[in-house]
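Chemist: pasting a predicted model and its sequence here:
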Amino acid sequence: MEIEREALIKKGKTNNIFLTNIEEILEIEASDRVYSDDPCVIKEISGKGKINNEISMYCFMLLEKNGIKTHFINIGTNDSSKFVRKLDMIKLEVICRRYSDGSFCKRFGCKKGIEIEPCAVEFSLKDDNLKDPFIPKFAIEHMNIATKEEIDYIEKITIIVSDLLSEYFDNLGIRLIDFKIEFGRDEDGNLLIGDEISPDTCRLVDKETGKSLDKDLVLENIDDVKSAYMKVLERVQTT
Ligand code: 5GP
């Protein structure tokens, strides 16, 4: 049966989510909005949604090819969107750090760019009002957000994802600094990776120039953002 888009059910910070004619399938459309939360900045970059959607689809296909279960099904009704399996999303941001940067450096006063080996997985509570604070594992269990077995599984899969993405980007001349992924449960309780994987959710650096290729550029020059995202897409398209 052909999948058709139906009503908009959620307008997120950067993605819009639609129902489809099939109950278990949603359509996620990447908008041109770009969002940074520290400091809080929301801007529009024409064409960003399409670029991000394509990068995200490549990343999900890479993971699927390597046996990692994700929500990705296929490209959606336009170039900015994808069809995905409906999941019951877990209210956690799962962050993996390979080099020190961002909130890690701010919180602990450490220098940027120090390799974290083996890579480290940490969790933030997904809550805009609380500004997505760091959450320890005991609190995740205590608040019934996820069980101990689920947390262990999420950590294990995130490390595999980290190695796959890092090797993939490294071959494209890009260093993966850190990234955020989200997990959800399908109707049988299996954990799948949802949301997106893109320069909005990963810190990426050009290995040759050392220049940032991700949304951190929003805080510098908005014109650089689209060309940086395009550079990532052009390299991803060669794979
Ligand atoms: P940090 O905690 O250093 O700000 O972010 C670590 C990594 O997770 C970065 O790659 C960043 O892009 C990603 N990340 C953390 N929180 C969010 C969020 O709320 N939204 C998105 N899109 N990415 C996030």
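Modeler: Alright, I've got the coordinates.
Chemist: and the most centrally placed residue in the chain, how far from the ligand?
Modeler: Central residue check for the chain by Cα atoms, centre = their mean: the C-alpha nearest the mean position is that of residue 197, 3.5 Å away. In this view, residue 197 and the ligand are 10 Å apart by Cβ to the nearest ligand atom, to the nearest Å. Heads up, the C-betas are built off the backbone N, CA and C, glycines and all.
Chemist: that's a helix at that residue, yeah?
Modeler: No: using DSSP: H, G, I helix; E, B strand; the rest coil, the secondary structure at residue 197 is coil, not a helix.
Chemist: let me see the backbone angles for it.
Modeler: According to degrees, to the nearest 10, the main-chain angles of residue 197 amount to phi -130, psi 110.
Chemist: quick check, pLDDT for it.
Modeler: Looking at residue 197, its pLDDT is 98.
Chemist: now swap in residue 36 and tell me
Modeler: At residue 36, the model reports a pLDDT of 78.
Chemist: now residue 39
Modeler: pLDDT recorded at residue 39 is 70.
Chemist: so what pLDDT did the closest residue to residue 15 other than its chain neighbours get?
Modeler: Closest residue to residue 15 in three dimensions, ignoring its sequence neighbours and counting by Cβ to Cβ, 6 or more residues apart in numbering: residue 28, at 5.3 Å. The predicted structure scores residue 28 at 98 on the pLDDT scale.
Chemist: gap between residue 65 and the ligand?
Modeler: Applying Cβ to the nearest ligand atom, one obtains 23 Å for the distance of residue 65 from the ligand.
Chemist: please apply the same query to residue 70.
Modeler: Relative to the ligand, residue 70 is positioned 16 Å away (Cβ to the nearest ligand atom).
Chemist: does that residue really touch residue 194, like I thought?
Modeler: Yes: between residue 70 and residue 194 a contact is recorded at 7.4 Å, counting by Cβ atoms under 8 Å.
Chemist: ok, whichever residue of the chain sits closest to the ligand - contacts?
Modeler: Closest contact between the chain and the ligand, by Cβ to the nearest ligand atom, is at residue 102 (2.2 Å). Shown here is residue 102, whose contacts under the criterion Cβ atoms under 8 Å, 6 or more residues apart in numbering are 178, 203, 216.
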